[in-house]
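> Pasted the sequence and its predicted model underneath.
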Amino acid sequence: MKHPGGSMAYRFDENGKCFIFATDAEFTADYLETFTPAQNAFFSGSDLLVIDSQYTLDEAFKKFDWGHTSYTMAINCAMKWKTSRLVLTHHEPAYYDEKLFTIKTNAVEHRNAMDEHVPEIIMAREGLSLKI
């Protein structure tokens, strides 16, 4: 994945369900345009996608090539790849809980503005457990 020093995304398929973990990655529109059909297939159709969403969109522009994604791009990726549930993770360490709550609200508004109700958007938090 695109990150200084490189990084990996992981896909697990079992019993007709798919889980993808892709953090420490900078997804941008330009980067996605370079994806091969195999890369798009890798990310397509997951039941649960945990993806880097460290920044707001403004911060992502200021920190280009730092290796992290904005929450708006994370949602765009999940919609492009037809993900059912999206977990936003790798939160900016300087953010406080109120900021994360605002990001969750804005993330849902961003998804809804595109006339979509999928994916379900979940904020990662310590102790979070999800079933696929």
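Cool, got the structure. Small disclaimer: the values here were computed from a predicted structure and weren't measured.
> neighbours around residue 106, how many?
For residue 106, the count of nearby residues is 15 (other CB atoms under 10 Å). The way it works is simple: take the backbone N, C-alpha and C, and place the C-beta from them, glycine included.
> okay, which residue of this structure is out on the far edge from center?
Computed with CA atoms, centre = their mean, the residue of the chain farthest from its C-alpha average is residue 15, at 23.5 Å.
> Can you list the low-confidence ranges for the protein?
Confidence mapping of the chain against pLDDT under 70 gives the ranges 2-4, 56-61, 63-68.
> Break down it into its helices, ranges please.
Secondary structure of the chain by DSSP state H: the helices cover 29-33, 37-43, 57-62, 71-80, 97-113.
> Nearest spatial neighbour of residue 91, chain-adjacent residues omitted?
With sequence-adjacent residues excluded and distances taken as CB to CB, 6 or more residues apart in numbering, residue 91 is closest to residue 100, at 6.0 Å.
> So that neighbour versus residue 13, what's the distance?
According to CB to CB, to the nearest Å, residue 100 stands 30 Å off from residue 13.
> Tell me who's in contact with the nearest residue to residue 123 once chain neighbours are set aside.
Spatial nearest neighbour of residue 123, excluding adjacent residues (CB to CB, 6+ apart): residue 104 at 4.9 Å. When contacts are counted by CB atoms under 8 Å, 6 or more residues apart in numbering, residue 104 touches 88, 121, 123.
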